[in-house]
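**Q** When you get a sec, could you give me coordinates for this:
(2 chains)
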Protein chains: 2
Amino acid sequence: MKINGVHYRTVWMEKTVVKMINQAVLPHFFRIEEFKTHQETARAITDMIVRGAGAIGATAGYGMAQVVLEAPDTSAFLDAVAAGAQTLTRTRPTAQNLFYAIDRVSVAAKAARTVPEARASAVQAAEQIAEEDLSSCASIGCHGASLLKDGARVLTHCNAGWLAFVDWGSALAPVYTAVREGKRVFVYADETRPWNQGSRLTSFELGNEGVSHAIVTDNASGFLMQRGQVDIVIVGADRIAANGDVANKIGTYEKAVVAHELGIPFYVAAPTSTIDRNCPNGDAIPIEERAEDEVLYCRGLLDSGEFGRVRLAPPGARACNLAFDVTPARYITGIITQKGVFAPGEILQAVS
Amino acid sequence: MKINGVHYRTVWMEKTVVKMINQAVLPHFFRIEEFKTHQETARAITDMIVRGAGAIGATAGYGMAQVVLEAPDTSAFLDAVAAGAQTLTRTRPTAQNLFYAIDRVSVAAKAARTVPEARASAVQAAEQIAEEDLSSCASIGCHGASLLKDGARVLTHCNAGWLAFVDWGSALAPVYTAVREGKRVFVYADETRPWNQGSRLTSFELGNEGVSHAIVTDNASGFLMQRGQVDIVIVGADRIAANGDVANKIGTYEKAVVAHELGIPFYVAAPTSTIDRNCPNGDAIPIEERAEDEVLYCRGLLDSGEFGRVRLAPPGARACNLAFDVTPARYITGIITQKGVFAPGEILQAVS
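**A** Model (predicted):
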């Protein structure tokens, strides 16, 4: 996808350096950040310089490649690889793509007979993860676009666009594909407090791609559905359990319940790397709880042109900041993957 | 209710001047503002210096008293009263208490035989509206407290506390009453974008009254309900239609649908002045659409200590800012009024 006409991936690796678009300061500043060690890359994930299931996965893959590149060419090699994997694993708990990528690069490295071979395999595996993310999202776009009729009004939550992946995105890929097919599509983007991925990132993406849209508060999208202004809901996923329950950005559950109540199709779009076959259902998905300050404050661009924040709550106020929720499979019309659209209860067929 | 130990009403009148707590800058600054003419008072309503159904009603009553006090003692008196009523009527479209108060003070003024008598009657009617608001909310507290068991976890949306009325509040009055009865109550306060009445005002009120609470994003409360962390939902109302449909702050509808889906009791608390017997159902309630900037920005306290804002969205982004939504009667367990708790379909009994 393009920013001011130039094509970018969300995250990539040059030699031993991981580079990414800084998503914490978008759309106000466009900055490419460089992370020279796996510790720095891990910190970028924790601090949400990069966020979004696929982008986290690709970043973790590159970070794991850094681990293997940095590990000493001694008997301590495997211990260093294991320790680096631990560091990356602890960055964020919910997105399955993180664990998928760390595991895949680790396995590739460990399968090698020599350390130099392990280093080459690790980098190759990390690049493959990024390439597969890209091609999976492109396929999701094709499968999903067939669900959008000309004139469709789409509601989405958070950002599951190309910034949440390496390119294309999951929930927004069908929109981008449909628009390229000549269909008219209008998107309502939930602002998605507390990080405002909708107003900051989804709006930024849609604007750069020339897709008509309006930002709405998270409070407003239910009423828009009730008033008949939404034809279809498409969201992303951070982890999909074996029974089709879906963990995604906090607030997704409410949208699914309201859509279900009103008979509006509710789709989840995700590459199969998001599926956790070892997780039987949503109750088993760890839900990240983040700092209270994310709720007590709101970050954005000050009138001065600098990046800053405003405090919303009185001194001493407490907040509860759950970052994800779980949408039970029964509220989900279908899950759009690179292999086609599956009923949530049949999602394991996509990885069999 | 008290602020730093001193008792305040939200709005009151001294001679010809309407005074009120500035709710646009709470909780960061505590300012009493003075409005010397009905035009100034009307502007205070439009600009949300005062907000909340009952507080808007009381303010409109005082503003209408100002209209009658300011009208010339000539044949133009009635025309001036009608014009002033128009000015106040146009301030905001949704809250029924606004129209109730303007009408009641107008009727009182027009029933008088002389202009001096009309002025006295208008002021008296405005004071009565405020006093009734206060006593109604106190009664709502008593009726509602019986719904709260010891240890109850209450979810509320927006602010329907004493700042939304003259004193006590509607949705929070049961909490305040139950706490005074010695019950332990915990409140989850939706932050309520875009104006953040929850994180700014509800948290401020609860903190001053020593009630345990946590602020949550509007996205999080559905998941809290799903996880069994909410025993009861209580919200306020801006207008109640004859069939029991309720207009309230945007986002209320979603909470009601989720609560209904999960079997969690969902109560609306409001004085009978909020009931619009001429409005057959929710479809007939006008829904205010406010400026896009309220969504594109977030206002609060800057790190510098000044009041300010941050921009969330990219340049050129558009927003849709519906200020209220309608919750169909079938999702509402009961409506708590000063006359007791009514099934929504029987709400007209409260005004018969």
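
**Q** what's whichever residue of the stretch 1-150 of chain A sits closest to chain B in contact with, if anything?
**A** Going by CB to the nearest CB, chain B is nearest to A:Pro27 of the stretch 1-150 of chain A, at 3.7 Å. (C-beta placed from N, C-alpha, C; glycine too.) Neighbouring residues of A:Pro27 by CB atoms under 8 Å, 6 or more residues apart in numbering or on different chains: A:Arg200, A:Leu201, A:Ser203, A:Phe204, B:Ala313, B:Pro314.

**Q** ok, the first one - contacts?
**A** Looking back up the chat, that one is A:Arg200. A:Arg200 touches A:Leu26, A:Pro27, A:Asn159, A:Gly300, B:Leu312, B:Ala313, B:Pro314, counting by CB under 8 Å, 6+ apart.

**Q** I'd like to know which of those is nearest to A:Gly54.
**A** A:Asn159 (11.3 Å; CB to CB).

**Q** How much space separates the residue nearest to A:Ser170 when sequence neighbours are not counted from A:Asn248?
**A** Nearest residue to A:Ser170, sequence neighbours excluded (CB to CB, 6 or more residues apart in numbering or on different chains): A:Ala269, at 4.0 Å. Using CB to CB, to the nearest Å, A:Ala269 is found at 10 Å from A:Asn248.

**Q** residues in the stretch 1-150 of chain A within reach of chain B, list them.
**A** Listed as neighbours of chain B in the stretch 1-150 of chain A under the rule CB under 8 Å from any CB of the partner chain: A:Pro27, A:His28.

**Q** how about the helices of the stretch 1-150 of chain A, start to end?
**A** Along the stretch 1-150 of chain A, counting by DSSP state H, counting those that start in this stretch, helices occupy A:38-46, A:53-70, A:77-89, A:96-111, A:115-145.

**Q** distance between the last one and the chain's centre?
**A** Put plainly, it is helix A:115-145. Put simply, helix A:115-145 sits 15 Å off its chain's centre (CA atoms, centre = their mean, to the nearest Å).

**Q** For A:Phe186, report the pLDDT, please.
**A** Among the per-residue scores, A:Phe186 holds a pLDDT of 98.

**Q** Show me what the helix or strand containing it is packed against.
**A** According to DSSP states H and E, A:Phe186 maps onto strand A:185-190. Using 3 or more CB pairs under 8 Å, 6 or more residues apart in numbering or on different chains; DSSP states H and E as the contact test, the elements touching strand A:185-190 are strand A:152-156, helix A:173-180, helix A:203-208, strand A:213-216, helix A:221-226.

**Q** related to what we said a few turns ago, joint contacts of A:Ala269 and A:Asn248?
**A** Joint contacts of A:Ala269 and A:Asn248 (CB under 8 Å, 6+ apart) are A:Val235, A:Gly236, A:Ala237.

**Q** and of those residues, the nearest to chain B?
**A** Checking those one by one against chain B (CB to the nearest CB), the nearest turns out to be A:Val235, at 12.1 Å.

**Q** Next one: the residue nearest to the closest one when sequence neighbours are not counted relative to A:Thr59, how far apart?
**A** Spatial nearest neighbour of A:Val235, chain neighbours left out: A:His157 (4.9 Å); criterion: CB to CB, 6+ apart. In this view, A:His157 and A:Thr59 are 22 Å apart by CB to CB.

**Q** ok, now A:Ala65?
**A** 11 Å.

**Q** neighbour count winner among those two?
**A** A:Thr59 (34 against 30; other CB atoms under 10 Å in any protein chain shown).

**Q** wouldn't the more buried one be in contact with A:Val11 here?
**A** Yes: with contact defined as CB atoms under 8 Å, A:Thr59 and A:Val11 form a contacting pair (5.0 Å).

**Q** Give the residues shared as contacts by these two.
**A** Joint contacts of A:Thr59 and A:Val11 (CB under 8 Å, 6+ apart) are A:Val18, A:Met20, A:Val50.

**Q** Burial check on the first one, number of neighbours?
**A** I take that to be A:Val18. Neighbours of A:Val18 (other CB under 10 Å): 26.

**Q** May I have the beta-bridge partners of it?
**A** A:Met13, A:Phe35 (DSSP bridges).

**Q** right, and it touches A:Tyr62 too?
**A** Yes: counting by CB under 8 Å, A:Val18 does reach A:Tyr62; the two are 4.6 Å apart.

**Q** Now the common contact residues for those two.
**A** Common neighbours of A:Val18 and A:Tyr62 (CB under 8 Å, 6+ apart) are A:Val11, A:Trp12, A:Thr41.

**Q** Ramachandran angles for A:Ala343?
**A** phi -70, psi 140 (degrees, to the nearest 10).

**Q** What separation is there between it and A:Ala329?
**A** 9 Å.

**Q** that older thread, so which pair among the contacts of A:Pro27 is furthest apart in space?
**A** Greatest spacing in the contacts of A:Pro27, by CB to CB: A:Leu201 and B:Ala313 (10.1 Å).

**Q** And the one residue sitting closest to the centre of chain A, how close does it get to A:Ala120?
**A** Nearest to the geometric centre of chain A sits A:Gly52, at 2.1 Å (CA atoms, centre = their mean). In this view, A:Gly52 and A:Ala120 are 28 Å apart by CB to CB.

**Q** ok, and what's touching stretch A:309-317?
**A** A:295-300, A:319, B:27-28, B:191, B:196, B:199-200, B:203-204, B:207, B:213, B:215, B:298-303, B:308-310.

**Q** same thing but 6 Å
**A** If you take CB atoms under 6 Å, 6 or more residues apart in numbering or on different chains as the criterion, stretch A:309-317 is touched by A:296-299, B:27, B:196, B:199-200, B:203-204, B:207, B:215, B:300-302, B:310.

**Q** avg pLDDT for it?
**A** Rounded mean pLDDT across stretch A:309-317 is 97.

**Q** Quick check: buried residues in it?
**A** By neighbour count on 16 or more other CB atoms under 10 Å in any protein chain shown, the buried set for stretch A:309-317 is A:Arg309, A:Val310, A:Arg311, A:Leu312, A:Ala313, A:Pro314, A:Ala317.

**Q** can you check stretch A:252-269 too?
**A** For stretch A:252-269, by 16+ other CB under 10 Å, it's A:252-261, A:264, A:266-269.

**Q** Return the member of these nearest to chain B.
**A** Taking CB to the nearest CB as the measure, chain B sits nearest to A:Glu254 out of these, at 3.6 Å.

**Q** Quick check: pLDDT value at the closest one.
**A** 98.

**Q** Against A:Pro265, how distant is the residue found closest to it once you drop the neighbours it is linked to in the chain?
**A** Nearest residue to A:Glu254 in three dimensions, chain neighbours excluded: B:Gly222, at 3.6 Å (CB to CB, 6+ apart). Distance, B:Gly222 to A:Pro265, by CB to CB: 19 Å.

**Q** now swap in A:Pro27 and tell me
**A** Taking CB to CB, one finds A:Pro27 at 29 Å from A:Pro265.

**Q** what do you get for A:Val81?
**A** Counting by CB to CB, the gap from A:Val81 to A:Pro265 is 44 Å.

**Q** Show me which residues of the stretch 151-300 of chain A sit near chain B.
**A** Proximity of the stretch 151-300 of chain A to chain B, by CB under 6 Å from any CB of the partner chain, involves residues A:193-194, A:196, A:199-200, A:203-204, A:207, A:214-220, A:222-223, A:250-251, A:253-254, A:257-258, A:261, A:295, A:298, A:300.
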